[in-house]
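Asks: A predicted structure for the sequence below; I have some questions about it.
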Amino acid sequence: MSEVGILGQALAEHADRLMPCVHCGFCLPACPTYVRLGDEADSPRGRLHLMGAVVEGRLDPASDAFRVHIDRCLGCRACEPVCPSGVEYGALLEVARDVAARARPPALPTRLLLRIFGSRPGRALFLGVGAFLRNTGLASLGARALPGWGPFRSARFGLAMLASTERWEGLRWIRATEGQEAPEDPAPPTTGPRVALLTGCVQEGLYDRVNQATARVLEANGCQVVAMPGGGCCGALHAHGGDLETARRLARTEVRRFLDADVDHVVVNAAGCGATMKEYDELLGGDPAESDAGALARRVRDVNELLAELGPRTGAPVPCRVAVDHPCHLLHAQGIRQAPLAVLKAVPGAEVRLVEDADECCGGAGIYGITHPELGGRIGADKVRSVRATECEVVATANPGCMMQIGAGLRLQGAPEGVMHPVELLDVSYRRAGFYDEERDG
Amino acid sequence: MGPDHVVADPARLLVYESDGLTQYRQAPLAVVLPGTTDELVEVVRAVHGEGIPVVPRGAGTGLSGGALPVEGSVVVGTARLNRILALDPENRLARVQPGVVNSRLGVEARRHGLHYAPDPSSQSACTLGGNVAENSGGPHCLKYGVTSRYISGLTVVLGGGAVVELGGAARDPATGLDLVGLFVGSEGCFGIATEIEVRLLPLPGGVRTLLGIFASVEDAARAVTGIVAQGLLPAALEIMDGASIRAVEASVYAAGYPTDAGAALVVEFDGTDAGLDEDVARAVACCREAGATDVQHTDDEGQRTRLWQGRKKAFGAMGRIAPDLLVQDATVPRTRLPEVLEEIMAIGARYDLHVANVFHAGDGNLHPKILFDRSDADELARVERASREMMQVCVDAGGTITGEHGVGVDKQKYMRLVHGEEELAAMSAVGGAFDPRGLFNPGKVLPEPEPA
Ligand SMILES: Cc1cc2nc3c(=O)[nH]c(=O)nc-3n(C[C@H](O)[C@H](O)[C@H](O)COP(=O)(O)OP(=O)(O)OC[C@H]3O[C@@H](n4cnc5c(N)ncnc54)[C@H](O)[C@@H]3O)c2cc1C
Ligand code: SF4
Ligand code: SF4
């Protein structure tokens, strides 16, 4: 069989179940790339058509057309919930990316990143350098100093992303006014589920404070949080980036690690990771580890999802205006829309405003802002505009990629708004309520 | 125009080889995506200057091959011409570019307490340019009428790039020939609409939706006849058969239609609140009389939306059942619905084809959906023959070969079932007046001349 045939075969194996596309076009207006570019090759239906052409042997997977348009997909999966035919686009995209990458190596930044994140020391070193650049203020300086054109554009954006992961101190100055006391708290819950937290790679390296906040908030809601060694990576980055082999390797490690921990739930606070872990059975399909993968996948919960299920305790007032944006991998991939709002509802005084077009991708999509500076920049700029139009002090979104993307966009505009994970805000509220006070809790 | 907006790479062109009807495939020479009327004019001038035909394309949701590229043509897409230019609530008018998606106009109008009435099931994706070209209808067109009633003016790019203004509310009442009326429904064969002026309506004060469940499609169709005979004027009267219900309920658009039903009838009344409940009561009685096994009604907006979403996505949901799907479109006099349906199902059975039905029952507009697999040549041939017989049945019952999806390439072969040679010649002459060189969407709609 020719090379084209073999790769087409890889896609064809999934065709029956994944490709009942009837070409109705209902997915077109949901797609951020089609809406902006107007080319059907950049629409979900068009991309599926290209995949179909590879399967039929009419299109070479090494061709520019396949590479460019599959690559230009954000992987936001906004096309899935609108598809009446139930085409599993996200799963197909992963296979298509893998096929494209095998036919022809992907662009250098993608290759480098996947390489670095594929190994534990690589991740530690990369994120360590990132944290160093951020903590010393070099990232922020670079983002301000570099020009926003040509080859510097991507570097500038990358540095702004790094810089934006700093803790936002804006809330510190906001105090409850007279008469806004914390509500009486009924006895704190004691018997919650036993949970383990996926500390994640990027999350652990750059957003450790979100992990800390997640653990505290869960404990305050009665969960027994089992300590796990860090340093793992769920493989989402690789699965989305066209390296299924590495993704599977990483996934198998996580499946074993978390099953051994014997917990009720694996809690994830990065929507992209949660989406991948919930689909581990798909990723490891045909693998002897498959039944284990399914068992683990069923235990995975997004932190917002679990808190909403438990009915989060109400903390002390934090009067502020919060803009909420839905991460694609929470909304479209996991179907979670209300849970982050339920989490923020437990913060008295927080006035929640949904960002207009909150259902649309922010352009983060991993390192899209770096690999596709032009289009990613446009999508990001639209999101920043909608966020700013809410006239809020802070924007809450439950995914590190989105936090960085929106944060970088705001920063490059010199905008004052901060970015937080919803549980961070709840954490502030709990701290003010004294929930973490040893004497009171203990 | 940048390279992103002019597509000539044959691999990239593959995605334009079909519209919503996948039986036909033909890639164009190139695709151009202009961003302004000026660019559009430039493109038409240049392409026609070379004697090359132009095929207009909106969202490519058409089901008759209207936007299917003609061999050796350039496709001109309107996806980037997607701005709402003006919305004038006082005069209840909007002026839009052709690439604006139908439901987006609806959302904007709603902010002003208005709505755009024609609501094709594809409204979440199809463009107003496509709606104009196909004179599209939708479930609520039973009471409100189809697209042509709502188009008050057009700016059109004609052959060679000439731009003309047709109609316009300011010039109402129109003097002379109704050229807007001629252009609406011209299926991309007359020119490209580049600005569209539409009439908006105030949102109805109240809405009541009723769902009747029946053991068979024939029972549901009898309920429809009863409702209309009562002199009631519902906004919509829609039937889905059991196969369609089950496909919808298995999809993300599941709305709670009972999956063991033979048919579901959705009846909607709207207007000033007073009197709606009485209408509903009478319609409920008609359903019961026709043998409904259950009748529910709702004025809950959420449930209403779900019912409609389910109904409107029924076609797409069929993708779960078979790889390919032909959505037929024909009309019959409403009173003949039960018998025609029976015959259609019999034809399906005779050719060993799986047929499901969803239709605008109030208008007698049928949409038999034939499920098949294109890789099976024998099945494909049976689909073709069954389609022809179904068309013949509808025409014999006093109906016609398309209710709203247009003729395109798919129905050309049936045109002579309903039109005589003189009528076809007149159509051709009108087309010639708009497009003398025949360079817009040539070879579509009108059948090949009869061999002498
Ligand atoms: C699931 C589904 C449900 C549907 N339901 C309905 C329904 O309920 N009622 C109904 O009427 N139709 C329905 N349709 C058919 C289709 O959606 C309509 O015909 C729609 O109007 C096509 O719009 P479009 O933007 O996709 O046009 P396209 O398919 O791109 O083009 C349709 C025709 O319009 C021409 N055209 C497009 N833009 C212009 C322009 N600016 N100027 C001149 N010509 C132009 C094209 O050349 C072509 O001939 C349905 C289709 C699907 C897939
Ligand atoms: S909505 Fe689904 S079936 Fe329709 S074109 Fe898109 S992917 Fe295909
Ligand atoms: S995943 Fe997002 S960008 Fe990719 S095709 Fe679907 S909607 Fe478009």
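Replies: Right, received. Where do you want to start? Ligands and ions are numbered 1, 2, ... in the order given.

Asks: per-domain residue ranges of the chain.
Replies: Unless you meant another one, I'm taking chain A. A:3-103, A:108-161, A:166-180+A:312-433, A:194-307 (automatic domain parsing).

Asks: Wait, chain B was what I had in mind.
Replies: According to automatic domain parsing, the ranges for chain B are B:3-77, B:84-202, B:206-316, B:322-413.

Asks: Same list, those domains, but as CSV with distance to chain A please.
Replies: To be clear about C-beta, it is placed using only N, CA and C from the backbone, and glycine gets the same treatment. Listed next are the domains of chain B as CSV, based on distance: least, C-beta to the nearest C-beta, whole Å:
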stretch, distance to chain A
domain B:3-77, 3
domain B:84-202, 5
domain B:206-316, 3
domain B:322-413, 5
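
Asks: Figure out which of those is closest to ligand 2.
Replies: domain B:206-316 (5.2 Å; C-beta to the nearest ligand atom).

Asks: so which strand or helix has the residue of the stretch 151-300 of chain A found nearest ligand 3?
Replies: Using C-beta to the nearest ligand atom, the closest approach of the stretch 151-300 of chain A to ligand 3 is made by residue A:240 at 10.1 Å. Applying DSSP states H and E as the criterion places residue A:240 in helix A:236-241.

Asks: so what does the helix or strand following that helix touch, helix or strand wise?
Replies: Sequence-wise, the next helix or strand downstream of helix A:236-241 (DSSP H and E) is helix A:244-261. Other elements packing on helix A:244-261 under the criterion 3 or more C-beta pairs under 8 Å, 6 or more residues apart in numbering or on different chains; DSSP states H and E are helix A:89-103, helix A:108-118, strand A:194-198, helix A:236-241, helix A:271-278, helix A:280-283, helix A:290-297.

Asks: Excluding its own residues, what touches the helix holding residue A:240? List them.
Replies: Applying C-beta atoms under 8 Å, 6 or more residues apart in numbering or on different chains, the external contacts of helix A:236-241 come out as A:75, A:93-94, A:97, A:101, A:106, A:110, A:113-114, A:117-118, A:201, A:244, A:246-247, A:250-251, A:272-273, A:275-277, A:283, A:365-366.

Asks: For residue A:27, see how far away the nearest residue to residue B:326 once chain neighbours are set aside is.
Replies: With sequence-adjacent residues excluded and distances taken as C-beta to C-beta, 6 or more residues apart in numbering or on different chains, residue B:326 is closest to residue B:370, at 4.5 Å. Residue B:370 is 23 Å from residue A:27, where distance means C-beta to C-beta, to the nearest Å.

Asks: hang on, the earlier thing: the helix or strand where the residue nearest to residue B:326 lies close to ligand 1?
Replies: Assigned by DSSP H and E, residue B:370 belongs to strand B:365-372. No. Using C-beta under 6 Å from any ligand atom, strand B:365-372 stays clear of ligand 1, coming no nearer than 8.0 Å.

Asks: Beyond that strand, next helix or strand please.
Replies: Once strand B:365-372 ends, the next helix or strand along the chain (criterion: DSSP H and E) is helix B:377-396.

Asks: can you give me how far that following helix is from the chain middle?
Replies: 21 Å (C-alpha atoms, centre = their mean, to the nearest Å).

Asks: Now the helix or strand just after that helix - C-alpha only, PDB.
Replies: The C-terminal neighbour of helix B:377-396 among helices and strands, as given by DSSP H and E, is helix B:415-418. Coordinates of each C-alpha in helix B:415-418 appear next as PDB, following Å, rounded to 0.1, in the frame of the first residue of the first chain:
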ATOM      1  CA  MET B 415     -39.500  20.200 -15.100                       C
ATOM      2  CA  ARG B 416     -41.400  18.900 -18.000                       C
ATOM      3  CA  LEU B 417     -43.700  17.000 -15.600                       C
ATOM      4  CA  VAL B 418     -45.200  20.400 -14.700                       C
END
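
Asks: if we can go back for a sec, of all the helices and strands packed on helix A:244-261, which one comes closest to residue B:1?
Replies: helix A:89-103 (27.5 Å; C-beta to C-beta).

Asks: Quick check: which ranges of chain B have low pLDDT?
Replies: B:172-174, B:451-452 (pLDDT under 70).

Asks: Around ligand 2, which positions in it sit nearby?
Replies: B:316, B:319.

Asks: And the contacts of the helix or strand encompassing residue A:329?
Replies: Secondary structure from DSSP H and E places residue A:329 in helix A:328-331. With C-beta under 8 Å, 6+ apart as the test, helix A:328-331 has contacts from A:74-78, A:271-272, A:274-275, A:302, A:304, A:336-337, A:340, A:359, A:361, A:365, A:398-399.

Asks: Need the domains of chain B in TSV (columns: distance to ligand 3 and mean neighbour count).
Replies: Listed next are the domains of chain B as TSV, based on distance: least, C-beta to the nearest ligand atom, whole Å; neighbours: other C-beta atoms under 10 Å in any protein chain shown:
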stretch	distance to ligand 3	mean neighbour count
domain B:3-77	12	21
domain B:84-202	13	20
domain B:206-316	15	20
domain B:322-413	21	20
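
Asks: I'd like these laid out as CSV, including distance to residue A:15.
Replies: What follows is the domains of chain B, written out as CSV (distance: least, C-beta to C-beta, whole Å):
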stretch, distance to residue A:15
domain B:3-77, 15
domain B:84-202, 24
domain B:206-316, 18
domain B:322-413, 9
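
Asks: And the ones you listed: which comes nearest residue A:221?
Replies: That would be, of the domains of chain B and by C-beta to C-beta, domain B:206-316, which comes in at 30.0 Å.

Asks: Please tell me how far the residue of chain A found nearest ligand 1 sits from residue A:83.
Replies: Using C-beta to the nearest ligand atom, the closest approach of chain A to ligand 1 is made by residue A:24 at 4.0 Å. Per C-beta to C-beta, residue A:24 is found 8 Å from residue A:83.

Asks: Report the set of residues contacting both of the two.
Replies: residue B:316.

Asks: Lovely, talk soon.
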